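S.K.: need the 3D shape of this:
(chains A and B)
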Amino acid sequence: MQLDQLYQEIILDHYKRPHGRGLREPSATEVHHVNPTCGDEITLRVAAHGSTITDVSWEGQGCSISQASASVLHELVTGSNVGEALRVHEAFVELLQSKGRLEPDEATLGDAVAFAGVAKYPARVKCALLSWMAFKDALARTGAATQTEVQS
Amino acid sequence: MITIPDGMPQYTDKPRFDVAAIRADFPILSRTINGHPLVYLDSANTSQKPRQVVEAMVDHYLNHNANVARSVHTLGTEATEAYEGARATIASFIGARRPEEIVFTKNSTEAINLVAHAFTGARDGSRAAADPRFRLGPGDEIVISEMEHHSNLVPWQLLCERTGATLKWFGVTEQGRLDESTVDDLITERTKIVSLVHYSNILGTVNATARITKRVREVGALLLLDCSQSVPHMPFDVVDYDADFIAFTGHKMLGPTGIGVLWGRYELLDAMPPFLGGGSMVETVTLPHTTYAAPPARFEAGTPPIAEAVGLAAAVDYLRGIGMEAIAWHEKQLTVYALDALSTVPGLRIFGPTVPVGRGATISFALTAADGTPIHPHDVGQVLDGQGIEVRVGHHCARPTCVRFGVAAMTRASFYLYTTTGEVDALVRGLDQVRKVFG
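M.R.: Numbers count the residues shown, from 1 in each chain, chains lettered A, B, ... in the order given. Now for the predicted structure:
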């Protein structure tokens, strides 16, 4: 069944046991993003030290795809520097916008390769991107981002 | 089975129809989705279209197409007759006193905006001569409810921002009914208009309007009923309901998208300023000044949705051929069946009335997994789609209602004349599958 691709074990695992959930670092840059078509929302904080992202913490309400994607985001970018995080971000967005025609690079995307199936469901792409767009927004507002000239 | 004594109205007295024969008129219902027969449970969102409606539009375009109200040639006359004939058909369908009380809009949303736009701010001196019923300022009030579609909420918020008037609303009870206990406090001499949903698109509640209408008349306010969900599903008569305006839309009642209807009492329409300016809505135009046509032309600037009006009239003919009372009964039986069937699904909670009285065939619910964690409606809808079952998920353009019940989103199954009990069974089986995936 096609649905198995959409709800891969990895996604369901992240959904049931989300990583990085719960808002930390009150001084970090905080953004709140919503998906107006479904009402899903996420509050996300990015803490940075120099050009290193020390924590991505989040609290959200939404479907399994949106929650799992925030969990994977936390896993992938926490501890990396801004440049690496933006490369991962770019690869993730490209994968989701590929309509399922792109073979994901596991070395860059880790668990996020599981979202290749989501890319085949246009109605769900925004669910997967909600936290990632919030992350990029938060990054653009931190001092860390301005040092490396984030393209919006 | 309860036996009704002889001499009393019997269930079998109610008009019925053959659902299988109806379904044959809707080719889309025979297609498959993801390898499964389509189970279309999203008619409150938009209905499917019978062959007769599509064919009427095709015939119009292929054989009678011309612009309306401005041509002297034969085709122009045919198109104008078809367009105005559609107006008359729709007027008689809802019991309007005359066809000129029907204004074609692009949807219900535009119809409601048109009425909201008719109000002039008391601070706006340029139109001080406007009819006092449509003058609005600080201290004046508009009353809606907590179960409105955003289309019957945002236009009034905008109007309040523009004029300084105050927006108030009826609450919703835990059972999903309108809380009428506050009617005398909410609707007062300060109230200029009450704009209320007749049949909730999210809770399925069909509001009893009599008490509200009575109060509206006592205080001299206006009453608009949002009938987007009721006109397609039950007999409706504007005189019986004693409304001042109603709004509904074509695509939810077997008609095409792109056409909606504002019905208003003629005398009120005549007191209202134009909405959009342009061709067809004028009387005499000079460069500095224009006088406006009488209703409904005053509110129909530009080339109107002609083929859509033809399609909507064909839809009304189709619905009438079956009979609105028969359709209402079919849906009532489906609702009884579905409320019963859904109550067998573990972890399912229905929002809105759980008895098939004062409610229509639109049922929203939440679902939890075996361990008690909520399953998000998007996930429910996605797994159901995998089995060919099409439901609506999200906040249904009624976010305040979702907030009222403490959820961000709901899953909604909605039925129509072509829905079968077999499709309700498919939904129940589908929900079991959802719980397996998220178990």
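S.K.: show me where the stretch 101-250 of chain B has its strands.
M.R.: Remark: strands assigned in the stretch 101-250 of chain B by DSSP state E, counting those that start in this stretch are B:102-105, B:120-121, B:135-136, B:141-145, B:166-170, B:191-197, B:222-226, B:245-249.
S.K.: parallel or antiparallel, which strands does the fourth one pair with?
M.R.: For strand B:141-145, the paired strands and their directions (DSSP bridges) read strand B:166-170 (parallel), strand B:191-197 (parallel).
S.K.: how about the residues of chain B near chain A?
M.R.: Residues of chain B found near chain A (C-beta under 8 Å from any C-beta of the partner chain) are B:34, B:373, B:376-379, B:382-383, B:386, B:393-395, B:399, B:402, B:408-409, B:437-438. The way it works is simple: take the backbone N, C-alpha and C, and place the C-beta from them, glycine included.
S.K.: any idea which residue of chain A lies closest to chain B?
M.R.: Using C-beta to the nearest C-beta, A:Cys63 is the residue of chain A that sits closest to chain B, at 3.6 Å.
S.K.: let me know whether that residue touches B:Asp379 as I believe.
M.R.: Yes - A:Cys63 lies in contact with B:Asp379 (C-beta atoms under 8 Å); the separation is 5.1 Å.
S.K.: pull out the buried positions in the top helix by length along chain A.
M.R.: If you go by DSSP state H, chain A has its longest helix at helix A:122-141. Going by neighbour count (16 or more other C-beta atoms under 10 Å in any protein chain shown), the buried part of helix A:122-141 is A:124-140.
S.K.: ok, and of those, which contact chain B?
M.R.: Contacts with chain B are made by A:124, A:127 out of those, judged by C-beta under 8 Å from any C-beta.
S.K.: so where's the chain uncertain?
M.R.: Let's take chain A. Applying pLDDT under 70 to chain A picks out residues A:1-3, A:143-152.
S.K.: nope, chain B please
M.R.: Ranges of chain B meeting pLDDT under 70: B:1, B:123-129.
S.K.: gap between the residue positioned nearest the centre of it and chain A?
M.R.: In chain B, the centroid-proximal residue (C-alpha atoms, centre = their mean) is B:Ser228; its distance is 0.7 Å. Counting by C-beta to the nearest C-beta, to the nearest Å, the gap from B:Ser228 to chain A is 19 Å.
S.K.: returning to what we had before: and the longest helix of chain A, what does it pack onto?
M.R.: Helices and strands touching helix A:122-141, by 3 or more C-beta pairs under 8 Å, 6 or more residues apart in numbering or on different chains; DSSP states H and E, are strand A:29-35, strand A:40-49, strand A:52-61, helix A:64-77, helix A:82-96, helix B:377-386.
S.K.: for the ones you listed, which one sits closest to B:Ala66?
M.R.: With C-beta to C-beta as the measure, helix B:377-386 is the member of these nearest B:Ala66 (42.2 Å).
S.K.: elements contacting that closest one?
M.R.: So helix B:377-386, by 3+ C-beta pairs under 8 Å, 6+ apart, packs with helix A:3-6, helix A:64-77, helix A:122-141, strand B:392-394, strand B:410-414, helix B:421-437.
S.K.: ok now the helix or strand just after that helix, how far from the chain's centre?
M.R.: The helix or strand immediately downstream of helix B:377-386 is strand B:389-390, counting by DSSP states H and E. Relative to its parent chain, strand B:389-390 has a centroid offset of 21 Å by C-alpha atoms, centre = their mean, to the nearest Å.
S.K.: same check, this time on stretch B:212-229
M.R.: Stretch B:212-229 sits 16 Å away from the centroid of its parent chain (C-alpha atoms, centre = their mean).
S.K.: can you give me the end-to-end span of stretch A:89-109?
M.R.: 9 Å (C-alpha to C-alpha, to the nearest Å).
S.K.: again, but for stretch B:165-177
M.R.: 27 Å.
S.K.: helix/strand/coil for B:Arg16?
M.R.: Look at B:Arg16: counting by DSSP: H, G, I helix; E, B strand; the rest coil, its state is coil.
S.K.: between the two ends of stretch B:157-168, how far is it?
M.R.: Across stretch B:157-168, the terminal residues are separated by 10 Å (C-alpha to C-alpha).
S.K.: list the buried residues of that stretch.
M.R.: B:159-160, B:162-163, B:165, B:168.
S.K.: farthest pair in those residues?
M.R.: Across the buried residues of stretch B:157-168, the two lying at the largest distance from each other (C-beta to C-beta) are B:Arg162 and B:Lys168, at 17.0 Å.
S.K.: since we're on B:Tyr83, how many residues are nearby?
M.R.: 23 (other C-beta atoms under 10 Å in any protein chain shown).
S.K.: how near is B:Glu331 to chain A?
M.R.: Distance check for B:Glu331 against chain A: by C-beta to the nearest C-beta, it reads 27 Å.
S.K.: so what's that residue up against?
M.R.: B:Glu331 sits next to B:233, B:360-361, B:415-417, B:419 when contact means C-beta atoms under 8 Å, 6 or more residues apart in numbering or on different chains.
S.K.: for B:Gly277, which non-adjacent residue is closest in space?
M.R.: Excluding its sequence neighbours, the residue lying closest to B:Gly277 (C-beta to C-beta, 6 or more residues apart in numbering or on different chains) is B:Ala301, at 5.9 Å.
S.K.: show me the contacts for A:Leu12.
M.R.: By C-beta under 8 Å, 6+ apart, the neighbours of A:Leu12 are A:64, A:68, B:437-438.
S.K.: would JSON lines of the helices and strands packed on helix A:122-141 with mean neighbour count be doable?
M.R.: Output for those, formatted as JSON lines (neighbours: other C-beta atoms under 10 Å in any protein chain shown):
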{"stretch": "strand A:29-35", "mean neighbour count": "17"}
{"stretch": "strand A:40-49", "mean neighbour count": "22"}
{"stretch": "strand A:52-61", "mean neighbour count": "20"}
{"stretch": "helix A:64-77", "mean neighbour count": "26"}
{"stretch": "helix A:82-96", "mean neighbour count": "19"}
{"stretch": "helix B:377-386", "mean neighbour count": "24"}
